[in-house]
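Novice: Predicted model, plus sequence, below.
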Amino acid sequence: MLPTPELQTVAQSFLVDGDLVGADIWTGGHINDSFLLEFHCPDGRKRFLLQKVNGGVFPEPSKVMENVQRVTEFVSVRAPGLAFLHLIPTKQNEAWLETPEGDCWRLYPFMGETTALLEVENERQAHAAAFAFGHFARLLADLPNPPLHEVLPGFHDTLARIRTLEAIATKADSQLLLEVEDDLSYILEHKDVAGTLMAHLESGDLPQRVVHNDAKISNVLLDSKTGEAVCVVDLDTVMPGTSLFDYGDMLRSMCSFAKEDEQALEQVQVNSSLCSAIHRGYLEGVGSMFTEKEKELMPISGFIIALELGVRFLTDHLNGNRYFNINRPGQNLDRARVQLKLAKGLKALAGS
Ligand code: GN1
Ligand code: MG
């Protein structure tokens with residue numbers, strides 16, 4: 001598609017030596033507006049990823065960008081050879097573009113010859129992605145103070161997410177509510193376990209670390225030829241927390257070959273070989289830094305994060321789909337049911 005005048009103005013604010021010749025909507029992700037841009041440069045055509053941080057989801061987009069900038073700069077010093085997101089500055093030499101309306105736009109080089117998978121296809125990929133997230137945690141273990149901004153406070157406060165669901169349910173359409181009765185009861189029955197990670201984090205039993213907070217397979221670019229992990233992407237939710245938020249997110253997102261919005265629930269099965277590959281990959285990635293408490297709580301974290309995401313999708317379904325983009329009616333309910341089914345499987349696998 002041809003770039004719109006708004007997109008042209010934004011794109012041309014960045015320090016790229018070339019002419020903008022194309023722009024396409026980039027559909028990966030549920031949250032931000034993303035565009036694949038093509039520039040004609042003196043040394044050939046080059047592609048870039050332009051993104052507008054979603055101000056509806058992130059109340060302070062500039063804080064998101066401050067976190068992204070700190071993390072990317074730290075990694076480039078700590079691991080200069082590592083393929084990583086590097087922000088292309090604006091012509092005013094700012095790390096991102098902030099419009100008078102407060103919108104934040106950023107530009108990254110587009111990593112060619114890589115693939116972002118929506119679902120894991122085999123154990124090797126699960127291992128590679130888990131290693132990449134573990135390595136990410138290890139690299140950032142000594143990010144100097146101050147701690148990163150908590151851009152979405154309570155992001156993994158599972159009990160608070162359940163309370164929000166309960167509040168939304170009291171106002172929801174009665175027909176919708178009837179349809180989700182069983183899903184709601186399952187969630188409410190598991191409130192006691194749901195708060196485990198936050199409780200251990202708050203008591204200091206679990207160490208505070210730099211957490212990616214969206215550790216799913218599509219956020220690791222894999223080499224299209226070798227399948228090796230090349231780069232961890234999507235740093236919007238990088239915040240302080242427990243690494244088990246990431247480990248749980250990996251388990252819930254990579255423990256099954258099913259799509260995140262699969263409608264045929266019999267397809268949604270937890271695969272124990274995928275779980276072992278994730279376990280091995282993550283522990284290899286984090287090296288020796290994990291404490292005994294972290295290791296002990298690894299298995300149950302998958303259940304908690306799957307339950308939490310099920311709660312979030314269900315809340316959005318009952319609340320008019322305002323948060324997660326949908327492209328068909330009922331998609332957030334399907335997503336919720338997939339997570340709840342995975343939660344059940346992961347709970348059984350954890351032996352609790
Ligand atoms: C959202 O950035 P994106 O669209 O990949 C969400 C995550 C969920 C994920 C489920 C800021 O991630 O928390 O786990 O969808 N991000 C935010 O696919 O809410
Ligand atoms: Mg994300």
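Specialist: Yes, it's here. Here the structure is a predicted model, which means the values were calculated and not measured. Ligands and ions are numbered 1, 2, ... in the order given.
Novice: contacts, neighbours, all on C-alpha from now
Specialist: Noted.
Novice: Any regions of this protein where pLDDT drops low?
Specialist: Filtered on pLDDT under 70, the chain yields the residue ranges 2.
Novice: Give me the domain ranges for it.
Specialist: For the chain, automatic domain parsing gives the domain ranges 5-110, 123-350.
Novice: Check the ones you listed for me and report the most buried one.
Specialist: Scoring the domains of the chain by mean neighbour count under mean count of other CA atoms under 10 Å gives domain 123-350 as the most buried, with a mean of 19.
Novice: is that one anywhere near ligand 1?
Specialist: Yes. Residues of domain 123-350 are located near ligand 1 by CA under 6 Å from any ligand atom, namely residue 214.
Novice: Endpoints of that domain, how far apart?
Specialist: Terminal residues of domain 123-350 are spaced 19 Å apart (CA to CA, to the nearest Å).
Novice: Centre of the chain to it, how far?
Specialist: 9 Å (CA atoms, centre = their mean, to the nearest Å).
Novice: Quick one: closest of the domains of the chain to residue 116.
Specialist: Nearest of the domains of the chain to residue 116, taken as CA to CA: domain 123-350 at 4.8 Å.
Novice: Ramachandran coordinates for residue 108?
Specialist: Main-chain torsions, residue 108, degrees, to the nearest 10: phi -120, psi 150.
Novice: ok so, going back, for the domains of the chain, give me JSON lines that also has distance to residue 116.
Specialist: Output for the domains of the chain, formatted as JSON lines (distance: least, CA to CA, whole Å):
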{"stretch": "domain 5-110", "distance to residue 116": "8"}
{"stretch": "domain 123-350", "distance to residue 116": "5"}
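Novice: Tell me the helices and strands packed up against the longest helix seen in the chain.
Specialist: Ranked by residue count under DSSP state H, the longest helix found in the chain is helix 292-318. Applying 3 or more CA pairs under 8 Å, 6 or more residues apart in numbering; DSSP states H and E, one finds that helix 292-318 makes contact with helix 158-171, helix 191-194, helix 243-254, helix 331-350.
Novice: got the angle for the last one vs helix 243-254?
Specialist: Helix 331-350 and helix 243-254 meet at an angle of 110 degrees, taking axes from the mean of the first three to the mean of the last three CA atoms, to 10 degrees as the criterion.
Novice: What angle do helix 292-318 and helix 331-350 make with each other?
Specialist: When the same axes, to 10 degrees is applied, the directions of helix 331-350 and helix 292-318 differ by 160 degrees.
Novice: middle-most residue in this protein, spatially?
Specialist: residue 214 (2.0 Å; CA atoms, centre = their mean).
Novice: That residue falls within a helix, correct?
Specialist: No. Assessed with DSSP: H, G, I helix; E, B strand; the rest coil, residue 214 is coil; it does not lie in a helix.
Novice: Contact partners for it?
Specialist: Contact analysis of residue 214 by CA atoms under 8 Å, 6 or more residues apart in numbering lists 234, 237, 246, 249.
Novice: show me what contacts the residue in the chain sticking out farthest from the centre?
Specialist: Residue farthest from the centre of the chain, counting by CA atoms, centre = their mean, is residue 42 at 35.5 Å. Contacts for residue 42 (CA under 8 Å, 6+ apart) come out as 17, 18.
Novice: Can you tell me the closest non-neighbouring residue to whatever residue of the stretch 251-352 of the chain ends up closest to ligand 1?
Specialist: Nearest residue of the stretch 251-352 of the chain to ligand 1: residue 309, at 6.4 Å (CA to the nearest ligand atom). Excluding the flanking residues, the one nearest residue 309 by CA to CA, 6 or more residues apart in numbering is residue 339, at 6.6 Å.
Novice: Where do the strands of the stretch 101-250 of the chain begin and end?
Specialist: For the stretch 101-250 of the chain, strands defined by DSSP state E, counting those that start in this stretch occupy the ranges 104-109, 114-115, 209-211, 220-223, 229-232, 239-241.
Novice: okay if I get these as CSV plus distance to residue 53?
Specialist: Shown next, in CSV, are those (distance: least, CA to CA, whole Å):
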stretch, distance to residue 53
strand 104-109, 6
strand 114-115, 22
strand 209-211, 19
strand 220-223, 19
strand 229-232, 18
strand 239-241, 16
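Novice: on that earlier part again, and the angle for the longest helix of the chain with helix 158-171?
Specialist: Counting by the same axes, to 10 degrees, helix 292-318 points 20 degrees away from the direction of helix 158-171.
Novice: How far away from the center of its chain is stretch 108-123?
Specialist: 14 Å.
Novice: try stretch 65-80
Specialist: 18 Å.
Novice: Which residues does that stretch contact?
Specialist: Identification of contacts with stretch 65-80 by CA under 8 Å, 6+ apart yields 82, 84-87, 95-96, 104, 139-140, 143, 148-149, 235-236, 238-239.
Novice: Now with 10 Å, please.
Specialist: 53, 62-63, 81-87, 95-97, 104-106, 136, 139-140, 142-144, 147-151, 210, 234-239 (CA atoms under 10 Å, 6 or more residues apart in numbering).
Novice: Which of these fall within helices?
Specialist: Counting by DSSP H, the contacts of stretch 65-80 place 62, 63, 136, 139 in helices.
Novice: possible to save these as CSV with distance to residue 175?
Specialist: Shown next, in CSV, are those (distance: CA to CA, whole Å):
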residue, distance to residue 175
62, 40
63, 40
136, 45
139, 49
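Novice: Quickly name whichever of the residues you listed is closest to ligand 1.
Specialist: Relative to ligand 1, the closest of the ones in helices among the contacts of stretch 65-80 is residue 63; by CA to the nearest ligand atom it sits at 13.5 Å.
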